[in-house]
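Novice: the sequence and its predicted three-dimensional model are supplied below.
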Amino acid sequence: MERRRAAGDDVLLDALAAGLSYVEAGALAGVSARTARRRLTDPDFASDLARRRAARVSDVTGRLTVGSERAVQVLLDALDSEVGGERLRAAELILNMGRRFRGDSDVDLRLSTLEAGRLPAPTEDVDEEAS
């Protein structure tokens with residue numbers, strides 16, 4: 001009996017980690033939605049689910065990174081297009097996205113530096129005339 005429950009738990013964990021509802025995941029695992037929800041009160045089960053979800057997010061992030069590299073190449077290729085509008089649009093996208101990604105990177109760096117306690121938090125400039 002215990003072995004069957006463990007096999008059902010794996011199916012339930014995989015289904016929940018994939019984003020299925022309690023009803024859908026429970027049906028796949030052969031349990032009710034209520035049982036699926038109740039399993040999350042088990043710390044080991046919940047921890048295993050969190051690990052599986054994190055692994056899925058890591059996998060998707062890796063795939064998106066590869067896709068991003070290909071997408072950037074498409075934009076770079078579009079800069080050489082014979083159609084002026086395509087070149088202009090590619091240039092605009094590259095400039096806008098580059099600025100946004102640099103800004104995000106700067107914020108990430110500043111945040112990690114602040115969290116490490118190596119950079120003082122910015123202070124507000126107080127306008128003395130307004131006081």
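Specialist: Arrived safely, thanks for sending.
Novice: once you drop chain neighbours, what's closest to residue 23?
Specialist: Of all residues not flanking residue 23 in the chain, residue 33 sits nearest, at 4.4 Å (C-beta to C-beta, 6 or more residues apart in numbering). No exception for glycine: its C-beta is placed from N, CA and C like everyone else's.
Novice: just checking, that neighbour touches residue 20?
Specialist: No: look at residue 33 against residue 20 with C-beta atoms under 8 Å: they stay out of range, at 10.6 Å.
Novice: out of these two, which sits in the busier spot?
Specialist: residue 20 (17 against 14; other C-beta atoms under 10 Å).
Novice: now do the same contact list for the residue nearest to that one when sequence neighbours are not counted.
Specialist: Leaving aside its sequence neighbours, residue 20 sits nearest to residue 28 (C-beta to C-beta, 6+ apart; 7.2 Å). Residues near residue 28 by C-beta atoms under 8 Å, 6 or more residues apart in numbering: 11, 12, 15, 20.
Novice: how about residue 86?
Specialist: residue 78.
Novice: buried residues in the helix or strand where it lies, which are they?
Specialist: Per DSSP states H and E: residue 86 is located in helix 84-115. Burial within helix 84-115, assessed by neighbour count using 16 or more other C-beta atoms under 10 Å, is assigned to residue 90.
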